[in-house]
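Asker: need coordinates for the below:
(one chain, ligands or ions: 1)
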Amino acid sequence: MSIIAIDGTLASGKGTLAKKLAAHFDLPHLDTGKLYRAVGYAVLQSGENPEDENAAIAAAKAVDLSSLADPALLQDEVANAASKVAVIPAVRAALFDTQQNFAAQSGGAVLDGRDIGTVICPHADVKLFIDALPEERAKRRYDELIRLGKMANYDLVFKQLVERDHRDSTRKTAPLLPATDAHIIDTTDLSPDEVLSRAINIINSILL
Ligand code: C5P
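Answerer: Coordinates of the predicted model:
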């Protein structure tokens with residue numbers, strides 16, 4: 001059984017990589033950001049503020065894996081709410097078992113997020129940390145919004161990305177940071193296929 005833990009900054013390519021690795025190695029995949037998004041979305045839907053601890057904790061206790069396919073979770077407003085609820089330690093605690101149980105499946109698993117290699121699966125067989133320059137990540141997110149036919153402003157996308165990075169990496173509980181034994185891939189100048197082949201080389205060199 002192999003656990004592949006993938007952490008990284010937003011729009012770094014970690015989600016795409018995680019999906020492709022799961023397909024390549026035939027492993028189940030959990031995008032743990034969706035759990036935090038589901039909590040943020042539930043809080044917004046009930047008209048509460050994502051910074052309201054009681055509302056966020058109640059929503060985190062009610063979240064399960066069946067609610068993660070909702071396309072509403074992809075909205076930027078929900079992502080920002082997710083990063084606000086993610087600061088609350090009791091929210092993180094309420095989501096802990098779901099993530100650990102997913103990782104403990106007998107055949108192994110791929111999980112991606114912000115604290116997989118550091119907190120959720122500190123004993124993962126392989127840890128990858130995916131990053132890219134903020135300007136490149138903002139450009140990717142902007143291009144994606146345009147592709148989806150949404151209104152987008154690069155400066156605003158850049159500002160929100162820097163704010164979310166800052167909130168994720170400076171929070172006290174489980175901040176975004178590479179595990180000491182993580183393999184770092186900078187995707188700034190790499191295509192998704194180049195990122196995938198680098199990751200497969202790293203994983204094969206560890207597991208084979
Ligand atoms: O990865 P994604 O952009 O969907 O994550 C949304 C937010 O959820 C992140 O900005 C982060 O605040 C939070 N998150 C987290 N820990 C994880 C996954 C996501 O704190 N393992």
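Asker: on the pLDDT front, check D125 for me.
Answerer: Predicted confidence (pLDDT) for D125: 98.
Asker: relative to A132, how far out is it?
Answerer: As judged by Cβ to Cβ, to the nearest Å, D125 and A132 stand 25 Å apart. In short, each C-beta sits where N, CA and C put it, glycine included.
Asker: so for the two, which sits in the more crowded spot?
Answerer: Neighbours were counted for D125 and for A132 using other Cβ atoms under 10 Å; A132 has more, 23 against 14.
Asker: residues touching the most centrally placed residue in the chain, list them.
Answerer: Nearest to the geometric centre of the chain sits G113, at 3.0 Å (Cα atoms, centre = their mean). The contact partners of G113, taken as Cβ atoms under 8 Å, 6 or more residues apart in numbering, are 6-7, 31-33, 99, 120.
Asker: G40 touches V78, doesn't it?
Answerer: Yes. Under the criterion of Cβ atoms under 8 Å, G40 makes contact with V78 at 5.3 Å.
Asker: higher neighbour count, the two?
Answerer: The neighbour count for G40 versus V78, taken as other Cβ under 10 Å, is higher for G40 (27 against 23).
Asker: ok, and the most crowded of the contacts of G113?
Answerer: The residue in those with the most neighbours, by other Cβ under 10 Å, is I6 (30 neighbours).
Asker: show me what contacts it?
Answerer: 14, 17-18, 21, 110-113, 116-117, 127-130.
Asker: surely A124 touches D112?
Answerer: No. Using Cβ under 8 Å, A124 makes no contact with D112, being 11.4 Å away.
Asker: joint contacts of those two?
Answerer: A5.
Asker: how does this structure divide into domains?
Answerer: 1-28+108-208, 32-104 (automatic domain parsing).
Asker: the first one vs the ligand: in contact?
Answerer: Read that as domain 1-28+108-208. Yes. Counting by Cβ under 6 Å from any ligand atom, contacts between domain 1-28+108-208 and the ligand involve 10, 113-116, 164, 168.
Asker: and if you look at the shortest one?
Answerer: Yes. On the criterion Cβ under 6 Å from any ligand atom, domain 32-104 is in touch with the ligand at 32-33, 36-37, 79, 82-83, 86.
Asker: how long is that domain end to end?
Answerer: For domain 32-104, the separation between the terminal residues is 15 Å (Cα to Cα, to the nearest Å).
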